[in-house]
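**Student:** Below is the sequence, then the predicted model.
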Amino acid sequence: MTQFSNTSPIFQREEVLREEYHPDNLPERTDEMEDLHMSLAPAARGVGANNVFLHGKAGQGKTAAAKAKLSELQAHAEEESDHLDLTTAYVSCESHDLSTSYKAASRIYQELTGNSRPTGYATDVVMDMMFEAMNEIGGTIIIVLDEIDTLGDDDRILYSLPRARAQDYVEDHVFPSIIGISNDLQWRDNLSPKVKSSLYDDSVLFSPYDATQLQQILRRRAAKAFRDTELIPIDEVDADGVPEGTVVEIDQSGQEYLFRSDVLTDDVIPLVAALSAQDTGDARQAIKYLRKAGELADKHGDDQVGAEHAREAQALVEREAVVEAMREMTTQAHLALAALTALELSGDAPVRAKPIYGVYKSVASRIDADKLGQRRFKDHLRELDMQGIAEGEKVTAGSIGGPAWEYQLQVDTEIAVEVLKDTARFADIDFEHISADRPNA
């Protein structure tokens, strides 16, 4: 008999806690949903939707809001409207590495037609193919470009799509528009003026959730995800046999509910909400903490998910995030990490940039990589600091009067070595001894 089971003593529907699950409503985003509604409303009147930019930090409900409101518009087109011919396409720019207008146009063409992505053509040809596909479809066409900042400064498609009707790229019966979604709050400001003026008719900011809102989100999810967990409207609770639980609100309506659970301790949801609110206000992060906490309780054979599981889940998720960030770094960033790791292992950290640069050059020589100048190398140290992989601290003034910085790892050396060893070019490096024979910098 195997160890696998088709049931869990903790979870009832754990898919509700996964990233791909999208709720039917977002009560914490009533104002933002109303703004988005106003941007899409012209489509229902037959004149095409406005172009709209949804921005805010990760995990604030931007993608869920766009999908929910487009689903509502689709229902209107199919069930209530006799003239709205609606086509929508969702494109994740980051997932598909759409870093150029060529790649974005070819992906949109694929989404609209179901054909394979065109390759080997000039950008103009692929753009023409995209617009011709729109002509064949006709009606209102709304393209969602998620992680739109992946396009960087190649903004040609962002200029052409919103102006497609004005420039006669599409025929009169076609009404294309864009919903752009970005976690990068500065990206839009760096667009060229002509793109900003044509691309975004409207803009909707999704501010971080606070702890109260995160608790509401988590309780709604928990009531579906965990065994023996429920939300009961307070006016439906039997006064003669009131079950134990906590009276809560789960949306902005003011309606009270009794939240009860035999699986979750009373403190676990408030703790998870507080941990995420203090960090980024990210609902996706909070939901992941709760799911991981449940998995840990299941793994340990515990009957309940408690605060200790939540804190262990937070540490595990943060470790996973740091490891993923380290794996995705460039070779030069890996070299900076390798040099600092070697100095940590030799007991020399915290250490200033100059000795780190010496080890960096030694490692670069061993893997036959280009060597950056000191100034550019320091940029990579600062990036490690910003990512939470290393910590930089300003100390006494440098030899020429400027600030001097000392760096040390913020992650376990074992983790750093493991990530680097998994990278082919660093597999044969002996990090325990490489700092001993570093050249003078």
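**Tutor:** Done, it's in.

**Student:** which stretches of the chain form strands?
**Tutor:** Here the chain has its strands, by DSSP state E, at 52-55, 86-92, 139-146, 174-182, 202-205, 229-233, 246-249, 256-261, 351-352, 390-397, 403-409.

**Student:** OK, contacts around Ala49?
**Tutor:** With Cβ atoms under 8 Å, 6 or more residues apart in numbering as the criterion, the residues that contact Ala49 are 39-43, 140, 142, 175, 177. To be clear about C-beta, it is placed using only N, CA and C from the backbone, and glycine gets the same treatment.

**Student:** Let me have the strands of the chain in TSV, extended by distance to Phe11, mean pLDDT and mean neighbour count.
**Tutor:** TSV is the format used below for the strands of the chain (distance: least, Cβ to Cβ, whole Å; pLDDT from 0 to 100; neighbours: other Cβ atoms under 10 Å):
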stretch	distance to Phe11	mean pLDDT	mean neighbour count
strand 52-55	32	93	23
strand 86-92	27	95	18
strand 139-146	28	96	23
strand 174-182	30	95	24
strand 202-205	34	92	16
strand 229-233	10	94	16
strand 246-249	21	91	14
strand 256-261	12	94	20
strand 351-352	46	93	18
strand 390-397	37	82	13
strand 403-409	36	88	17
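
**Student:** among these, which is nearest Thr2?
**Tutor:** strand 229-233 (27.9 Å; Cβ to Cβ).

**Student:** Which residue is the nearest non-sequential neighbour of the residue most central in space within the chain?
**Tutor:** Nearest to the mean C-alpha position of the chain, by Cα atoms, centre = their mean, lies Ala58 at 4.6 Å. Counting by Cβ to Cβ, 6 or more residues apart in numbering, Ala58 lies nearest to Asn183, which is 4.7 Å off, once chain neighbours are set aside.

**Student:** what pLDDT does that neighbour get?
**Tutor:** Looking at Asn183, its pLDDT reads 88.

**Student:** just for the chain, where's the confidence low?
**Tutor:** Within the chain, the stretches with pLDDT under 70 are 239-243, 397-403, 435-441.

**Student:** And the longest helix along the chain, what does it pack against?
**Tutor:** Ranked by number of residues, the top helix in the chain under DSSP state H is helix 307-327. Counting contacts by 3 or more Cβ pairs under 8 Å, 6 or more residues apart in numbering; DSSP states H and E, helix 307-327 is packed against helix 268-279, helix 283-300, helix 413-421.

**Student:** what's the spacing between it and its chain's center?
**Tutor:** 15 Å (Cα atoms, centre = their mean, to the nearest Å).

**Student:** What of stretch 211-229?
**Tutor:** That offset, for stretch 211-229, works out to 21 Å (Cα atoms, centre = their mean).

**Student:** Dump the contacts of Ala49 to JSON lines, plus distance to Pro23.
**Tutor:** Converted to JSON lines, the contacts of Ala49 look like this (distance: Cβ to Cβ, whole Å):
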{"residue": "Ser39", "distance to Pro23": "21"}
{"residue": "Leu40", "distance to Pro23": "19"}
{"residue": "Ala41", "distance to Pro23": "22"}
{"residue": "Pro42", "distance to Pro23": "26"}
{"residue": "Ala43", "distance to Pro23": "23"}
{"residue": "Thr140", "distance to Pro23": "25"}
{"residue": "Ile142", "distance to Pro23": "21"}
{"residue": "Phe175", "distance to Pro23": "29"}
{"residue": "Ser177", "distance to Pro23": "25"}
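
**Student:** For stretch 368-382, which outside residues touch it?
**Tutor:** Contact partners of stretch 368-382, identified using Cβ under 8 Å, 6+ apart, comprise 331-333, 335-336, 340, 353-354, 356-357, 360-361, 364-365, 390, 392, 405, 407, 425, 441.

**Student:** I'd like to know which of those residues are buried.
**Tutor:** 332-333, 335-336, 340, 353, 356-357, 360-361, 364, 390, 392, 405, 407, 425, 441 (16 or more other Cβ atoms under 10 Å).
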